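1. Dropping the sequence and predicted coords here.
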Amino acid sequence: MEHSSYQPNNIAIRLIKVFCGLLIGFLVIFLGLLFFLHINETIDFKEGEIYSRNPQSVIRTPTDVRVLKVLVQEGDNVSQGDTLFVLENKRVEYDYATTREEVGLTENKIAVAERMLAYTRERRATLERLRNIQEQTYNADRQQIEREMRTLAAARGYAEQQSAISKDQYRTDSLLYAQKALSRLEAVESKSRSLLKRKEAAETRASYEEKRARLTSLLQNYKQQITTLDIDLNSLQQDEQAKQRELLDLRSQLSSKRNSAVVLGDAANQLIVRAPVAGNVINIYNDRQKTELLDRNQPLAVIAPHQEQFYAKVILPERELAYVRLGQPVNLKINAYYHYQYGAIRGRVSFISPSNVNDQFFTIVQLTGRPRFPLKAGYKLKGEIITNQYTLLRYGVKKLFDKIDTYDAV
């Protein structure tokens, strides 16, 4: 009886121990989750797109051409600088011939302009020499007339003195003749001498005034000649400056046309189209169009680079922009692939728009993770920006306080 009663008690104790162990285990797991399980606080976005930093290169015709040779096929790997097409370009040949003719015409224009400039400079130098001669002639004539005027002034003073003396003598002789103290002949001779001296004084004054009038006329003629020469010199100087500017323009045009001629000369017979980047030829010009004339800017081939680099542009609501910081992790989910199967692409915020662009706020996301599928520019996406990470305990406390704040605000 004692053995049978002991066995159920032993089983109950064991069950209690197992239950206590399980309870302790659950408690440990719960505490571990509270302190070690991290919860992400995120900003969700619904709109975004993948962009390429080195997109596909579309090779186009530089002008109206015919294709002579196609040296690659679709799917070929090419290196930068490999020859892809050889083009015939009649338009370039015509432009080259026309440019060479324009070079010759411009050279002739420059030669004529140089001769005209030299003639203008020579004419200006001649007028400057003539002006100097006119100035020297005027100075010499003025000095000569001034010397003659000084001589005439002295002669005029002497003649006036002699006239005054003879006049006084005649007046005295007249008085003596009236008193019968002087003969009539002597009185007549005295009067004649007085008249002669007066005549000499008048002639001297007239000569002096003539010289002074000549000096005034000489000055007026000199000023008129100098003014005319200065006007001609100013006109020639302006003409010379205009010819210099024209010559500089012609030389600049000649240099440009010579450079164009060199470039067109290298491509006068045919154009070589080379690969701008290393990559794969994914689309190519149709061989059946070899005989057709292609217009300018027509596509010839498309080259996809070997290592295309991508980034994402994410459109964010304005109210969420304040929580976004540079370097925050981002999960990108491509719409073209089921992200639960292929996973999200990892990235980090590398740029935040300072203001709205086309009524949108956006961020640039630099991709940091390797996708499990090939990316292409233009893929649409959605995802989330991780703004903070909390432990389960802190996250619960934060939510609790958020609820309390919301309740108090209400």
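-> Looks like it arrived, so ask away.
2. Need the mean per-residue confidence for the top helix by length along the chain.
-> Longest helix in the chain, counting residues (DSSP state H): helix 90-178. Here helix 90-178 scores 86 as its mean pLDDT.
3. what angle sits between the helix or strand following that helix and helix 90-178?
-> Later in the chain than helix 90-178, the nearest helix or strand by DSSP states H and E is helix 184-266. Angle, helix 184-266 to helix 90-178, by axes from the mean of the first three to the mean of the last three CA atoms, to 10 degrees: 170 degrees.
4. Numbering from 823 from now on, please.
-> Yes, from this point I'll number from 823; that puts the last item at helix 1006-1088.
5. Tell me which other helices or strands helix 1006-1088 touches.
-> Applying 3 or more CB pairs under 8 Å, 6 or more residues apart in numbering; DSSP states H and E, one finds that helix 1006-1088 makes contact with helix 912-1000. In this view, the C-beta of every residue, glycine as well, is placed from N, C-alpha and C.
6. Would you pull up how far the helix it packs on lies from the middle of the chain?
-> Its chain's C-alpha centre lies 51 Å from the corresponding centre of helix 912-1000 when counted by CA atoms, centre = their mean, to the nearest Å.
7. now swap in stretch 1027-1040 and tell me
-> Using CA atoms, centre = their mean, the offset of stretch 1027-1040 from its chain centre is 68 Å.
8. List the buried residues in it.
-> Across stretch 1027-1040, burial judged by 16 or more other CB atoms under 10 Å covers 1027, 1029-1030, 1033, 1037, 1040.
9. which residues are contacting it?
-> Here stretch 1027-1040 makes contact (CB atoms under 8 Å, 6 or more residues apart in numbering) with 960, 963-964, 967-968, 970-971, 974-975, 977-978, 982.
10. rewinding a little: tabulate the buried residues of stretch 1027-1040 (JSON lines), appending distance to His1161 and pLDDT.
-> Conversion of the buried residues of stretch 1027-1040 to JSON lines gives the following (distance: CB to CB, whole Å; pLDDT from 0 to 100):
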{"residue": "Arg1027", "distance to His1161": "126", "pLDDT": "87"}
{"residue": "Ser1029", "distance to His1161": "124", "pLDDT": "87"}
{"residue": "Tyr1030", "distance to His1161": "121", "pLDDT": "87"}
{"residue": "Lys1033", "distance to His1161": "117", "pLDDT": "86"}
{"residue": "Leu1037", "distance to His1161": "111", "pLDDT": "88"}
{"residue": "Leu1040", "distance to His1161": "108", "pLDDT": "88"}
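11. If we only consider these, which is nearest to Ala940?
-> Leu1040 (35.9 Å; CB to CB).
12. what mean pLDDT does the longest strand along the chain have?
-> Once the chain is assigned using DSSP state E, the strand that runs over the most residues is strand 1203-1213. For strand 1203-1213, mean pLDDT rounds to 83.
13. Tell me which residues are up against it.
-> So strand 1203-1213 is in contact with 856-872, 1134, 1136, 1138, 1145-1147, 1150-1157, 1166, 1171, 1185, 1220, going by CB under 8 Å, 6+ apart.
14. looking at the protein, which residue ends up farthest from its center?
-> Of all residues in the chain, Lys1002 has its C-alpha farthest from the mean position, at 113.5 Å, by CA atoms, centre = their mean.
15. Just want the phi and psi numbers for it.
-> The phi/psi pair for Lys1002 (degrees, to the nearest 10) reads phi 70, psi 20.
16. And for Arg1096?
-> According to degrees, to the nearest 10, Arg1096 has phi -110, psi 160.
17. Quick one, grab the pLDDT at it.
-> For Arg1096, pLDDT reads 83.
18. how much space between it and Ile1125?
-> Using CB to CB, to the nearest Å, Arg1096 is found at 11 Å from Ile1125.
19. same thing with Asp1061?
-> Relative to Ile1125, and taking CB to CB, Asp1061 is found at 58 Å.
20. Look at those two and report which has more neighbours.
-> Ile1125 (26 against 15; other CB atoms under 10 Å).
21. Kindly present the contacts of stretch 1027-1040 as CSV, with separate columns for neighbour count and distance to Lys1204.
-> Shown next, in CSV, are the contacts of stretch 1027-1040 (neighbours: other CB atoms under 10 Å; distance: CB to CB, whole Å):
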residue, neighbour count, distance to Lys1204
Tyr960, 17, 97
Asp963, 16, 103
Arg964, 15, 102
Ile967, 16, 107
Glu968, 13, 107
Glu970, 16, 113
Met971, 19, 111
Leu974, 20, 116
Ala975, 15, 115
Ala977, 17, 121
Arg978, 21, 119
Glu982, 17, 124
